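Colleague: sequence-free structure coming up:
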Ligand code: JB8
């Protein structure tokens, strides 16, 4: 996979040479191109921003450097030739669609991604419009808060994407196992739609706290049941939005036992509505 990143802060992407992603890049399984937007300016001060038409606070990124940057980066990798459908351009913005595990999986299947990191109040709106006439473009947000620029969002998305690439994560099971949200409704995975419960390792007793004995029982059915209960409890505690969706969308319907667990976790359960 090839990932190009256009930014005014190339040094922000030092972390891409660390850890699992760094090793995958060193092996050549991922190729990163980090490009300084100011390389496509032509004035002495290498200006990338200007005041907004229509007034208002802050500055907007000028379209010309972005247009040249996207043209060059698209050409850098040999245009459409070597990469099938051409690149997918991903633009982080607080106004984007919520980035989820589904996006990560879809992006991980792309041969070539370009990320455009805005700063200030964002990039002149014509840049995305123009890019859409040349390539596929998606605007995404990593969460309902406002960053000072797209760079940290691109680091976050890159990690979520790259850990799904074959051979990048040490343990292929870990990536297959993280059935987060409702991504894999067809799988019948009993954990789909739930967040994961807690995990434990040695020592069996630590500061007088025991690991739940069922996990040492060797009874795989009992362990699976306990893990589903723990996941239900944590989902009820931290993600009431996901529990609400379980009632109608869960790949494995909630049974009476599930409803009992949710009820004991303090989640308001209406028997008629929850069991479908
Ligand atoms: C300027 O919060 B964010 C985000 C904020 C931004 C830009 C991009 C993304 C560009 N501010 O997702």
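Modeller: Structure received. In this text the structure is predicted, and so the values were computed from the model without any measurement.

Colleague: residues touching residue 118, list them.
Modeller: The neighbours of residue 118, taking Cβ atoms under 8 Å, 6 or more residues apart in numbering as the test, are 61, 91-93, 149-150. Heads up, the C-betas are built off the backbone N, CA and C, glycines and all.

Colleague: now swap in residue 198 and tell me
Modeller: Neighbours of residue 198 in contact, by Cβ under 8 Å, 6+ apart: 230, 234.

Colleague: pretty sure it belongs to a strand, no?
Modeller: No. Under DSSP: H, G, I helix; E, B strand; the rest coil, residue 198 falls outside any strand and is assigned coil.

Colleague: I'd like the numbering to begin with 8 instead of 1 from here.
Modeller: Fine by me, first position is 8 from now on; the one you just mentioned is residue 205.

Colleague: Quick check: it vs residue 82, distance?
Modeller: Here the distance between residue 205 and residue 82 works out to 50 Å (Cβ to Cβ, to the nearest Å).

Colleague: do the same with residue 220
Modeller: Plainly put, residue 220 is 62 Å away from residue 82 if you go by Cβ to Cβ.

Colleague: got it, and residue 35?
Modeller: With distances taken as Cβ to Cβ, residue 35 is found 22 Å from residue 82.

Colleague: Could you give the average pLDDT over stretch 26-38?
Modeller: Per-residue confidence for stretch 26-38 averages out to 96 on the pLDDT scale.

Colleague: do stretch 46-57 as well
Modeller: Looking at stretch 46-57 alone, the average pLDDT works out to 98.

Colleague: got the buried residues for that stretch?
Modeller: Of the residues in stretch 46-57, those with enough neighbours to count as buried (16 or more other Cβ atoms under 10 Å) are 47-48, 55-56.

Colleague: can you check stretch 56-74 too?
Modeller: By 16+ other Cβ under 10 Å, the buried positions in stretch 56-74 come out as 56, 67-70, 72-74.

Colleague: repeat for stretch 154-162
Modeller: Going by neighbour count (16+ other Cβ under 10 Å), the buried part of stretch 154-162 is 154, 156-158, 160-162.

Colleague: okay if I get those residues as JSON lines plus distance to the ligand, secondary structure and pLDDT?
Modeller: Formatted as JSON lines, the entries for the buried residues of stretch 154-162 read as follows, by distance: Cβ to the nearest ligand atom, whole Å; DSSP: H, G, I helix; E, B strand; the rest coil; pLDDT from 0 to 100:
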{"residue": "154", "distance to the ligand": "4", "secondary structure": "coil", "pLDDT": "98"}
{"residue": "156", "distance to the ligand": "5", "secondary structure": "strand", "pLDDT": "98"}
{"residue": "157", "distance to the ligand": "4", "secondary structure": "coil", "pLDDT": "98"}
{"residue": "158", "distance to the ligand": "8", "secondary structure": "helix", "pLDDT": "98"}
{"residue": "160", "distance to the ligand": "5", "secondary structure": "helix", "pLDDT": "98"}
{"residue": "161", "distance to the ligand": "9", "secondary structure": "helix", "pLDDT": "98"}
{"residue": "162", "distance to the ligand": "12", "secondary structure": "helix", "pLDDT": "98"}
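
Colleague: need the residues of the stretch 158-283 of the chain near the ligand, please.
Modeller: Applying the criterion Cβ under 6 Å from any ligand atom, the portion of the stretch 158-283 of the chain that neighbours the ligand consists of residue 160.

Colleague: Now do the strands in the stretch 158-283 of the chain.
Modeller: Counting by DSSP state E, counting those that start in this stretch, residue ranges of the strands within the stretch 158-283 of the chain are 212-213, 216-217.

Colleague: Provide a list of residues in contact with the closest residue to residue 163 other than its chain neighbours.
Modeller: The spatial neighbour of residue 163 that comes closest, neighbours along the chain excluded (Cβ to Cβ, 6 or more residues apart in numbering), is residue 149 at 5.2 Å. Under the criterion of Cβ under 8 Å, 6+ apart, the neighbours of residue 149 are 99, 106, 160, 163-164.
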